[in-house]
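Undergrad: With the input below, show me the fold.
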Amino acid sequence: MLHTVLIGAFAALCAIAGASIALAIGAPLLLGGLLGIALGSLPIWLPRLGGGPGPERCAEVVGLVLLLVIAATLSTSALLPVLADEPVLLEASIPLLLMAPSVYVVYLLLNRREGAVARQASVPDRLSVALSGPPMVLTLALGITVAVGAVLLIHYVGLRVPSWSYVTAKFVDRGIIPPLTLMLFFWGLLLLGNKAWVLMREGRLMDRPRQGSESVLLRAHGQAVAGGEISGTNEFLELVWKKSADFYIVPRYINWAIPILGFIGTVLGISLAADGIQNIIGSRSSLSDLSTELGQAIAPLGIAFDTTLIALSLSVFLTLLQTALQRWEDGVLVAYEGRVRAQTAGPPEDSP
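TA: Got it, this is the predicted structure:
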């Protein structure tokens, strides 16, 4: 029943998203809706042809493609016009902003169902489900969508609240670097949020197992012991810690890339200001025109300072969340390692 509801909801989301994408790019709504229906119905009829992927796997691929198309459409039809101070078609942008999280949630539910059904998955695959986080491209597409929505919200609040215009200028009037910084920030936030949800679920199921739900880590250990895939406890635990460390490669890169983007904005702003001042020095403007030209020349310094301010602020917050999450995961894995070693050692022998 749940499987049918998820696939049906997914097909409906694809149809609405197709019509919204068509509206955003100026294509006929009927054509977009029909293409969305055709895309969303692939998980229903494609597995029946035989030899193809299952409905869950097919829906995951379609959902990933749909999220990428939504992110690309919003970037070109909403983000770029806002940065260029041009009007944005909200009738198409708002449905797409609502569609993207819905597709993401359906994707995760289908992926979780497939992971529960695939009982023959290998031990490394099971550990990846619990420790490696969600697919990178999926979260990047959603991060781009959320960042575009944040820029649109900041822009329209600034138009209606005069006191907010100061914040709007820093995110909207400073070029492409602040939106790119927001995209990386939300990408990292989604990765850390999904990992925190998985850790919370694993910790709860290890302490209080429920009928119908089982800890992926405990299941992986039981499969390793029963199937002989891992030669010993030490090798299994090394694999667990390695899978845990592999997840933080991308968040560390994001925490490194965000300040670098800020510094690029600094260099860009100073370079533009230097070019403007050089043009003033070489010109023969009158004294009355000099002040106006000088103000225009040093205006790019706002890019230099504001991009660095935004990037460093977001990086500090994201690094704090990553550090807290890693400490939490270390605690969960230390408790898990103690349980695995206790099970491997067996019951203590009675002393004579």
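
Undergrad: which stretches of this protein have low pLDDT?
TA: 1-4, 6-7, 47-56, 110-123, 129, 133, 209-214, 225-231, 276-300, 345-352 (pLDDT under 70).

Undergrad: For the most centrally placed residue in it, list the residues it contacts.
TA: In the chain, the C-alpha nearest the mean C-alpha coordinate belongs to residue 139, at 2.8 Å (C-alpha atoms, centre = their mean). The contact partners of residue 139, taken as C-beta atoms under 8 Å, 6 or more residues apart in numbering, are 187, 190, 191, 194. Every C-beta, even on glycine, is put in place using the N, C-alpha and C of the backbone.

Undergrad: Return the residues in contact with the first one.
TA: Residue 187 is in contact with 139, 140, 143, 144, 254, counting by C-beta under 8 Å, 6+ apart.

Undergrad: By neighbours, which of these wins?
TA: Compared across these, residue 144 has the highest neighbour count, 26 neighbours, by other C-beta atoms under 10 Å.

Undergrad: Please report the distance of that residue from residue 314.
TA: 15 Å (C-beta to C-beta, to the nearest Å).

Undergrad: which helix in the chain runs the most residues?
TA: Among the segments of the chain that qualify as a helix by DSSP state H, the longest is helix 301-345.

Undergrad: hang on, the earlier thing: give the closest residue to the residue nearest to the centre of the chain in space, chain neighbours not counted.
TA: Closest residue to residue 139 apart from its sequence neighbours, by C-beta to C-beta, 6 or more residues apart in numbering: residue 190 at 4.4 Å.

Undergrad: Quick one: neighbours of that neighbour, just the number.
TA: A count of nearby residues for residue 190, using other C-beta under 10 Å, gives 20.

Undergrad: which stretch of helix or strand covers it?
TA: helix 177-207 (DSSP states H and E).

Undergrad: Buried residues of that helix, list them for me.
TA: 177-195, 198-199, 202-203, 205-206 (16 or more other C-beta atoms under 10 Å).

Undergrad: before we move on, what about stretch 22-29?
TA: Buried residues in stretch 22-29, counted by 16+ other C-beta under 10 Å: 22, 23, 24.

Undergrad: Need the nearest residue in space to the last one, chain neighbours excluded.
TA: Closest residue to residue 24 apart from its sequence neighbours, by C-beta to C-beta, 6+ apart: residue 92 at 3.7 Å.

Undergrad: just checking, the one you found touches residue 26?
TA: No: using C-beta atoms under 8 Å, residue 92 is not in contact with residue 26, being 9.6 Å away.

Undergrad: how far away is the closest residue to residue 339 other than its chain neighbours from residue 131?
TA: The shortest distance from residue 339 to any non-neighbouring residue, by C-beta to C-beta, 6+ apart, is to residue 206 (7.3 Å). If you measure residue 206 against residue 131 using C-beta to C-beta, the figure is 14 Å.

Undergrad: Repeat that for residue 244.
TA: For residue 244, the distance to residue 131 - C-beta to C-beta - is 5 Å.

Undergrad: Which one of these two is surrounded by more residues?
TA: Higher neighbour count among residue 244 and residue 131: residue 131, with 25 against 20, using other C-beta under 10 Å.

Undergrad: For residue 206, see how far away the closest residue to that one other than its chain neighbours is.
TA: The spatial neighbour of residue 131 that comes closest, neighbours along the chain excluded (C-beta to C-beta, 6+ apart), is residue 243 at 4.1 Å. In this structure, residue 243 and residue 206 are 16 Å apart, going by C-beta to C-beta.

Undergrad: Kindly report the same for residue 23.
TA: Per C-beta to C-beta, residue 23 is found 48 Å from residue 206.

Undergrad: circling back: quick one: contacts for the residue nearest to residue 339?
TA: By C-beta under 8 Å, 6+ apart, the contact list for residue 206 reads 215, 217, 218, 332, 335, 336, 339.

Undergrad: What helix or strand is residue 134 located in?
TA: Here residue 134 is assigned to no helix or strand, by DSSP H and E.

Undergrad: Give the other helices and strands that the helix or strand hosting residue 81 contacts.
TA: Using DSSP H and E, the element containing residue 81 is helix 80-83. Helix 80-83 sits against helix 136-160, with contacts defined as 3 or more C-beta pairs under 8 Å, 6 or more residues apart in numbering; DSSP states H and E.
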